[in-house]
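Colleague: Structure for the following, please:
(2 chains)
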Amino acid sequence: DGGITQSPKYLFRKEGQNVTLSCEQNLNHDAMYWYRQDPGQGLRLIYYSQIVNDFQKGDIAEGYSVSREKKESFPLTVTSAQKNPTAFYLCASSKQGQETQYFGPGTRLLVL
Amino acid sequence: GQNIDQPTEMTATEGAIVQINCTYQTSGFNGLFWYQQHAGEAPTFLSYNVLDGLEEKGRFSSFLSRSKGYSYLLLKELQMKDSASYLCAVRAFTGGGNKLTFGTGTQLKVEL
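Modeller: Next up, the predicted model:
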């Protein structure tokens, strides 16, 4: 089956800890994206990547980092610098930057 | 920047028709998307408009007027499973490429 997978489904972060959220796709899509969703707010773009080994900051990149070493994978690290990390994190991909984005199932991050 | 407005909540009756409106202000408009999102799940793609007019897909139709900065999603023969949040998203071309901006979503409740 082709699709986008995210793991884990739930993730707990302790104070001062970095955590990494996984996003993998086997759709052969070039572009990948990370969004954050908070209650009552729209999805906000954190980072995006249009090709391997290249990525750009979105609207709320502070406190986050990404890498794009493989076409299939776009992991997101939530660093200790992100003071309000509790949210629903969604990864998406599209064939090219201008095409429809398809979403993974999401990871819910909670702070202990 | 971009501004996207859609109603926060709507209620409709099973079997009826409902229209969810979305207005936007943006430069570099390059398409409008509608997504459906059930609670705790990922958004799923419903429709895409880039030219003026109506796009029909089964029980769902989407309309766009670029001159008015206006779109609507029309749901016919409502079913209980249509209870979800409906997200309007506008794609615009910026200096760094195409960017998708989401509205805050319209929570639709379908009642018996």
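Colleague: Secondary structure element for A:Gln42, which one?
Modeller: For residue A:42 the amino acid is Gly, not Gln. Remark: A:Gly42 resides in no helix or strand, with elements defined by DSSP states H and E.
Colleague: Neighbouring strands - and their directions - for the lowest-mean-pLDDT helix or strand in chain B?
Modeller: Within chain B, no helix or strand scores below strand B:97-102, which has a mean of 86 by mean pLDDT, DSSP states H and E. With DSSP bridges as the test, strand B:97-102 is paired with strand B:84-94 (antiparallel).
Colleague: how far does the strand it pairs with sit from the chain's center?
Modeller: Centroid separation for strand B:84-94 versus its chain: 7 Å, with C-alpha atoms, centre = their mean, to the nearest Å.
Colleague: What of stretch A:59-77?
Modeller: That offset, for stretch A:59-77, works out to 6 Å (C-alpha atoms, centre = their mean).
Colleague: pLDDT below threshold where in chain B?
Modeller: B:1, B:96 (pLDDT under 70).
Colleague: Quick one: name the residues of it near chain A.
Modeller: B:4, B:30-31, B:33, B:35, B:40-45, B:48, B:87, B:89, B:91, B:96-105 (C-beta under 8 Å from any C-beta of the partner chain). Every residue, glycine included, has its C-beta placed from N, CA and C.
Colleague: can you give me the end-to-end distance of stretch B:15-35?
Modeller: End-to-end span of stretch B:15-35 (C-alpha to C-alpha, to the nearest Å): 21 Å.
Colleague: and that stretch, which residues are buried?
Modeller: Along stretch B:15-35, these residues count as buried under the neighbour rule (16 or more other C-beta atoms under 10 Å in any protein chain shown): B:18, B:20, B:22-24, B:26, B:29, B:31-35.
Colleague: buried residues in the helix or strand B:Tyr72 falls within?
Modeller: Taking DSSP H and E as the definition, one finds B:Tyr72 inside strand B:70-75. Neighbour-count burial for strand B:70-75, counted by 16+ other C-beta under 10 Å, picks out B:71-75.
Colleague: do the same with stretch A:80-97
Modeller: Quick answer for stretch A:80-97 (16+ other C-beta under 10 Å): A:82, A:85, A:87-94, A:97.
Colleague: and the gap between B:Phe29 and B:Gln36?
Modeller: Using C-beta to C-beta, to the nearest Å, B:Phe29 is found at 22 Å from B:Gln36.
Colleague: on that earlier part again, touching the following helix or strand past the least confident helix or strand of chain B from outside, list them.
Modeller: Counting by DSSP H and E, the next helix or strand C-terminal to strand B:97-102 is strand B:106-111. Strand B:106-111 is contacted by residues B:6-14, B:18, B:20, B:75, B:78-80, B:82-86, B:88 when judged by C-beta atoms under 8 Å, 6 or more residues apart in numbering or on different chains.
Colleague: so what strands line up beside strand B:106-111?
Modeller: Partners of strand B:106-111 in the sheet, by DSSP bridges, are strand B:9-13 (parallel), strand B:84-94 (antiparallel).
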